[in-house]
Structures are given as structure tokens and as C-alpha cells.
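>>> next input, structure requested:
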Amino acid sequence: MAEIIRMPRMSDTMTEATIVDWHKKVGDKVKPGDVLAEVETDKATMEMESYWEGTLLYIGVEKGGKIVVDGVLGVIGKDGEDYKALLDKEGKGAPAPKEEKPKEEPKAEQAKPEEKKEEQKPTEEAPKEEETQYEGAEGGRIKASPLAKRIAAEKGIDIGKLSGTGDSGRIVKKDIDAYKAPMEKAEKPGKEQKPVQPFVTKAEEGHTDIDLTQMRKTIARRLSESNFTAPHFYLTMEINMDNAMSSRSAMNEISPVKISFNDMVIKACAVALRQHPAVNSSWMGDFIRQNHHIHVGSAIALPEGLIVPVIRFADQKSLSQIASEAKDLYEKARTKKIQPQEFSGNTFTISNLGMMDIDEFTAIINPPDSAILAVGRIKETVIKKGEGFATTNVMKVTLSCDHRSVDGATGAAFLQTVKAYLENPVTMLV
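Residues are numbered from 1 along each chain as shown. This next block holds a predicted model:
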């Protein structure tokens, strides 16, 4: 019996997806595990695998089309099996083709004016290509098209100095265009008097419209909701990173994977969250949910937008484990192979722009978290020490808190604990 393939919910925030590409076409044989299509969700581009065996009888949404969660992606069944009754019964088959028609019709209508323009071009340019005799600066008769003559006049080019590449040596538009660069070079060196004003191209207004990806739509929606719904407040603190820098160098001599400063921040926050459960919470409307597990999200930027891979149970992992897992997740995110369970379920988030030379910044809370830590760069600073001066390495961090679930004193106490761990890293390894 034919089976309807529906679009599954691949993340907790997903409402629709875009079909990036189909790996199978109608009539192809399919077996369990075969990749049917690539779909772009609000978080990543993922492969849709088949759970059934048979023939792909129907495709509900073509490449480039959008499909809602639980929408009909396609139908798999026996070769030649009648699936139309099944779609009619489900009431899911009809909408898919309708979505495609409006998209195709405007394209067809828009194509007509372009075709007309193309048809008009030859008629407009036909007279321009007619040969006309033009008297050059030196008195000779020169063959040039009216278009070339007009452009030369606009640009202040002496058409008598050009050699034509058209029929019988006629000067055409491309000869004028090709003469622009040599003209500037030739006029500047040899003349003592002021050179002729160079030709300035006509300034034109313009813009490029960029279609929103599913990821960008979700980022806009969720962060707008967070920024305007959650009452944010911000706490900034300076952390001395001298000991963290020396400890990291020592650990990297024996660690199987290179530990970054961001890995150390993840570990410090994870251990601190165990001591400050109010920060490891979520505002649920009628109640506050304090999470017993600690899943730390670490935001990274992709061309399509922001994604937050999650280090699960970060407080229970060593720095080497965190570094290895984070490296793995970041690579999966960049290659669009990250899975939904790997970028969801965060209870706290870290956003680090230190590698981009940002001293300090504030971040918008990533729902459903109650707080997010913005991390700046490590900066060498001069301080007074004893009778003289010395340098020290300082990192600024800013904690954004949802005042509905985290009070100012609670957030400040959490930051003090994070500071203590990073200024003496040995304490968070015990």
C-alpha cells in the first residue's frame, strides 16, 4: 500500500522548510536509508531519508518550494499504484501543486516584458549600427555608428584617434568602451597643463533583495520576541586572564585536542551554573523552570545566520572533552551536517566575539534561556603594581539576564563565580 511521506519537525522552533534539492525523481526505486531530498530548516540543511521501500510515485513540493511541518512531501508505493485517492482522502495532495502555480505564473508574466525588451533592442540599435561619415579632428572622414558617436561625445573622446573594429574599419560602441582606460593613462604624464577632467560615470541608485533563509526567518522571529518580551538587564565584569593563559599553555602540552579560551569559558560557566541554579532556568509564563541538567550552547556565525551547537552535561566533562566535542559540532554546523538534537536543548548560551577583536558587547537572550554571556577579547592592559607599572591581560564579559527569572544580585553572584574559576582555572578542575 502506498505511504505518504510527511515533513517531520526537525527542530523545536521549526514551522516550515524549503526543499533544497531532490535526490530521487518520480519513478525511481527507493529503499530504507536512501536520501530522498535535502531540506533547509530554520537551523541547518539536512538530508531526508526514506523509511519505506518501493517507488517514488509523487513529489508534493518541487525544488525551491516551501513545505509546512506535516505537509505532504511525497508518496512511495508499488510501481503503477493509484495514489490519488489516498491524497484526496488525506486532503494533503491538493495544496502542493497550488503552491507551485502562483510561483510559476508570475515568472512567466515577468518573462514577457523581458522578451519584449529583447525584441525591441534590435529595432532600437538597428539605426545605430548604420554607417555614418564623421569628420575627425584632423579632417579625415571616419566611419562610426551613431551610438559610438554619441557615447564618444558624452565622454569627451576624440573619435578621430580611435581605430574601428567594425565592418570596413567602422567605429562601434565597444571601441569607445575599450578606449576609456588608455585615455586616462595617455593624458596624465605628457601634459604640463591641467589634464582634462576625467569622465565620471553616471551615479545610479540600486539595491539587491536577498531572500530570507529559514534560519534567518527564525532568528528574526525568536530574537525579536526575546528582545521585546523579556526585560533584559546587563552586567559587565573584567576578568584577569593571566593564570588562564598560562594554564591553557600547560594543558595544551598534554591535551589530545587543543583547548581554546572559549572551551575554558564554557567549563567555567557550566560549573558556576551548578552553584547558581536560578541562572540555569527558563521563564515559562506561569512558572519558572530550573533545569537540573546543564547544556551550554556556544553560538557560531554562518553565512546563513547564527546557530548554537550545544555541549550537553558540560559541567560533567573535562576541558579536553569539551574542546573535542565543540570542535566536532562547529565543523558539522559549517558543513550543514549538524543534527537537530545537537543544536537544541540549551539551558545557557555563550556568544564569543573576542576572536574578532571586539572588546565588549551585549547579546540578546537565546530562548528558552534566562541568560546569555557575551565574551570580548583578551586585551593587554597597563596597571599600577607596587611602586611601578606592569601589564596584565583582561577579558570583559557581559551577562544579559531575563529579569523575570533572574534578579540582579543573582546574576552578579554568578559572574563572580565565573570570574573566580577563570582567574584560577585549577579550581574548576577539582
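>>> burial count for residue 429?
Residues lying near residue 429 (other Cβ atoms under 10 Å) number 12. Just so you know, the C-beta spots here come from the backbone N, C-alpha and C atoms, and that holds for glycine as well.
>>> contacting residues for it?
Listed by Cβ atoms under 8 Å, 6 or more residues apart in numbering, the contact partners of residue 429 are 318-319.
>>> distance of it relative to residue 251?
9 Å (Cβ to Cβ, to the nearest Å).
>>> cool, and residue 261?
Using Cβ to Cβ, one gets 12 Å for the distance from residue 261 to residue 251.
>>> same question for residue 408.
Applying Cβ to Cβ, the value for residue 408 to residue 251 is 34 Å.
>>> comparing those two, which shows the higher neighbour count?
Applying other Cβ under 10 Å to residue 408 and residue 251 shows that residue 251 carries more neighbours, namely 19 against 11.
>>> quick check: the more buried one is in a helix.
Yes - counting by DSSP: H, G, I helix; E, B strand; the rest coil, residue 251 falls inside a helix.
>>> surely it and residue 319 touch.
Yes - using Cβ atoms under 8 Å, residue 251 is in contact with residue 319, at 6.5 Å.
>>> now stretch 227-242: buried residues?
Within stretch 227-242, the residues scored as buried using 16 or more other Cβ atoms under 10 Å are 230, 232, 235, 239-241.
>>> which one in these is the model shakiest on?
Lowest pLDDT within those is found at residue 230 (85).
>>> got phi/psi on that residue?
When read as degrees, to the nearest 10, the backbone of residue 230 gives phi -80, psi 120.
>>> name the strands paired with the strand or helix carrying residue 56 and say parallel or antiparallel.
Secondary structure from DSSP states H and E places residue 56 in strand 54-59. Here strand 54-59 has these sheet partners by DSSP bridges: strand 29-30 (antiparallel), strand 72-77 (antiparallel).
>>> check those for me and report the most buried one.
Among those, strand 72-77 has the highest mean neighbour count (mean count of other Cβ atoms under 10 Å), at a mean of 24.
>>> mind checking how far the residue lying closest to residue 424 once chain neighbours are set aside is from residue 255?
Leaving aside its sequence neighbours, residue 424 sits nearest to residue 243 (Cβ to Cβ, 6 or more residues apart in numbering; 5.9 Å). Using Cβ to Cβ, residue 243 is found at 17 Å from residue 255.
>>> check residue 154 too.
For residue 154, the distance to residue 255 - Cβ to Cβ - is 67 Å.
>>> higher neighbour count, those two?
Taking neighbours as other Cβ under 10 Å, residue 154 and residue 255 compare with residue 255 leading, 16 against 11.
>>> in which helix or strand does the spatially closest residue to that one that is not a sequence neighbour reside?
The shortest distance from residue 255 to any non-neighbouring residue, by Cβ to Cβ, 6+ apart, is to residue 320 (4.8 Å). Element membership of residue 320 [criterion: DSSP H and E] is helix 319-334.
>>> contact partners of the helix or strand following that helix?
As assigned by DSSP H and E, the chain's next helix or strand after helix 319-334 is strand 348-352. Under the criterion Cβ under 8 Å, 6+ apart, residues 262, 265-266, 269-270, 273, 279-280, 294-299, 308, 363, 365-366, 369, 371-375 lie in contact with strand 348-352.
>>> just confirm residue 416 is within a helix.
Yes - assigned with three-state DSSP, residue 416 falls within a helix.
>>> neighbours around it, how many?
Neighbour tally, residue 416, other Cβ under 10 Å: 13.
>>> so what's it up against?
Contacts for residue 416 (Cβ under 8 Å, 6+ apart) come out as residue 237.
>>> would you confirm that residue 65 contacts residue 19?
Yes - using Cβ under 8 Å, residue 65 is in contact with residue 19, at 5.4 Å.
>>> the more surrounded of the two?
For residue 65 versus residue 19, the count of surrounding residues by other Cβ under 10 Å is larger for residue 19: 21 against 15.
>>> does the more buried one touch residue 61 like I think?
Yes - Residue 19 is within contact range of residue 61, at 5.2 Å (criterion: Cβ under 8 Å).
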